[in-house]
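Asks: coords below, sequence missing:
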């Protein structure tokens with residue numbers, strides 16, 4: 001049965017697709033992509049943005065990709081990328097790039113098409129093991145495999161267009177259109193982001209296990225994140241991300257599914 005988001009998507013020119021195979025973690029949600037945002041267009045646009053960002057970091061003397069830490073991050077990433085075929089057969093052939101930026105930021109990201117940035121603050125402030133860092137990298141790679149960036153852009157287009165359609169049907173003025181759009185965004189758009197995070201957690205967990213990284217490190221990683229975020233958390237229903245507790249609960253349930261893959265990878 002098509003839900004509210006799916007119904008709106010169909011009404012405003014979106015197509016339901018499966019970007020990835022489910023894997024053993026079973027991520028099989030149908031995604032809706034706006035026809036005006038092709039995968040190639042999104043990848044090309046992000047590649048340009050990524051290139052500009054890397055050059056800016058290099059000009060500022062912050063690019064440390066060609067250092068022992070940078071090369072180590074690259075080596076871990078290669079192991080993960082070699083497992084992406086499980087979810088997308090063509091993904092190993094993407095134009096993957098990994099760059100490390102020396103900033104005290106606890107973050108990493110992988111944009112459309114496999115463009116990765118890791119900040120040194122992530123590794124240093126959390127004192128990450130290789131297994132824990134692999135969980136972060138796997139999570140970010142999963143976002144790219146699932147095309148979550150394109151999906152979010154499509155969702156925004158759906159909400160804006162549906163807001164206009166709904167307002168016209170209700171004979172609402174411009175204020176009415178704005179209000180309807182905000183309601184759609186808050187009521188339907190918010191859960192998408194939480195769902196994206198859970199999907200990335202699960203796919204990233206499987207990627208890491210298949211690449212020979214201990215999936216139990218996902219728990220220690222988020223324990224470290226929870227300690228870092230202590231006192232700064234916000235209620236889950238107001239956040240676009242799951243709470244650390246919610247996250248760990250999902251991961252704990254999924255670890256038994258991927259442990260055989262990890263054990264097989266060690267043989």
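Replies: Nice, I can see it. Keep in mind that what you see is a predicted model, and the values were worked out from it rather than measured. Numbering: from 1, shown residues only.

Asks: where does this protein dip in pLDDT?
Replies: 1-13, 157-192, 231-242 (pLDDT under 70).

Asks: same thing but 90
Replies: Low-confidence segments of the chain (pLDDT under 90): 1-17, 31-46, 148-195, 225-248.

Asks: which residues in it form helices?
Replies: Ranges of helices in the chain, per DSSP state H, are 4-11, 39-59, 68-81, 120-126, 130-145, 148-169, 174-184, 190-210, 217-229, 244-266.

Asks: Tell me which residues are up against the fourth one.
Replies: Counting by C-beta atoms under 8 Å, 6 or more residues apart in numbering, the neighbours of helix 120-126 from elsewhere in the structure are 64, 69, 73, 100-108, 128, 132-133, 136, 221, 224-225, 228. Bear in mind the C-beta positions are built from the backbone N, C-alpha and C, glycine included.

Asks: The same query, at a cut-off of 10 Å, please.
Replies: 62, 64, 67, 69-70, 72-73, 100-108, 119, 128-129, 132-133, 136-137, 220-221, 224-225, 227-228 (C-beta atoms under 10 Å, 6 or more residues apart in numbering).

Asks: Most tightly packed of the helices of the chain?
Replies: helix 130-145 (a mean of 25; mean count of other C-beta atoms under 10 Å).

Asks: now for that one, which elements pack on it?
Replies: helix 68-81, strand 108-111, strand 115-119, helix 120-126, helix 148-169, helix 190-210, helix 217-229 (3 or more C-beta pairs under 10 Å, 6 or more residues apart in numbering; DSSP states H and E).

Asks: In the second one, which residues are buried?
Replies: Within strand 108-111, the residues that count as buried by 16 or more other C-beta atoms under 10 Å are 108, 109, 110, 111.

Asks: The second one and residue 98 touch, don't they?
Replies: No: contact status for residue 109 versus residue 98: not in contact, 11.3 Å apart, counting by C-beta atoms under 10 Å.

Asks: list residues touching both of these two?
Replies: Joint contacts of residue 109 and residue 98 (C-beta under 10 Å, 6+ apart) are 115, 116, 117, 118.

Asks: Top of the residues you listed by number of neighbours, please.
Replies: Within the shared contacts of residue 109 and residue 98, residue 118 tops the neighbour count with 28 neighbours, counted by other C-beta atoms under 10 Å.

Asks: Report the beta-bridge partners for it.
Replies: Beta-bridge partners for residue 118, by DSSP bridges, are residue 100, residue 108.

Asks: if I look at it, how far off is residue 41?
Replies: Distance of residue 118 to residue 41, given as C-beta to C-beta, to the nearest Å: 26 Å.

Asks: Give me the distance from stretch 76-91 to the chain's centre.
Replies: 15 Å (C-alpha atoms, centre = their mean, to the nearest Å).

Asks: The residue lying closest to residue 257 once chain neighbours are set aside: neighbour count?
Replies: In space, residue 257 comes closest to residue 24 once its chain neighbours are excluded; the distance is 5.0 Å by C-beta to C-beta, 6 or more residues apart in numbering. As a burial measure, residue 24 scores 16 neighbours (other C-beta under 10 Å).
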